[in-house]
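Engineer: My questions concern the predicted model and sequence given below.
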Amino acid sequence: VQLQACGGGLVQAGDSLRLSCAASGRTFGSSVMGWFRQAPGKEREFVAGMRWNGAGMKYAESVKGRFSLSRDNAKNTVHLQMNSLKPEDTAVYYCAYQPVGASDYTSWGQGTLVTVSS
């Protein structure tokens, strides 16, 4: 599975952005799609994830209530809606794919930069 992420940009605090991750190749309902981010000088951290069939949504505490996941099965795409953005959300965001039965993510998108100004 190959992933293509897009949707990043420069916004002001309080604004919204929607990131998209398009998967090419065959995906399965119980496989996992995740979003991670890496801010300058920091380690990569988990942001949100869900099974491709929409089950098992999880969010990092720092984004709960502000970010939400959705999927478009027809386009094999997962979206990350980010509302009420804060400067601390500034990072490169990556989507990732974990196949059924795998213990880790095996495919990563190229990353899309989100910059939130105060």
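Structural biologist: Nice, thanks for sending it over. The structure displayed is predicted, hence computed values, not measured ones.
Engineer: wait, what's in contact with the residue nearest the centre of the chain?
Structural biologist: In the chain, the centroid-proximal residue (CA atoms, centre = their mean) is Trp35; its distance is 2.9 Å. Taking CB atoms under 8 Å, 6 or more residues apart in numbering as the criterion, Trp35 is in contact with Leu19, Cys21, Phe46, Val47, Ala48, Gly49, Leu69, Leu80, Tyr93, Tyr94, Cys95, Ala96. Where you see a C-beta, it was placed from the backbone N, CA and C, and this is true even at glycine.
Engineer: The fifth one against Glu61, yeah?
Structural biologist: No: at 11.2 Å, Ala48 does not count as touching Glu61 under the criterion of CB atoms under 8 Å.
Engineer: Count the residues that sit near the nearest residue to Ala23 once chain neighbours are set aside.
Structural biologist: With CB to CB, 6 or more residues apart in numbering as the criterion, Ala23 has its nearest non-adjacent residue at 4.8 Å, and that residue is Asn76. Residues near Asn76, counting by other CB atoms under 10 Å, number 17.
Engineer: residues in contact with Asn76?
Structural biologist: By CB under 8 Å, 6+ apart, the contact list for Asn76 reads Ala22, Ala23, Ser24, Thr27.
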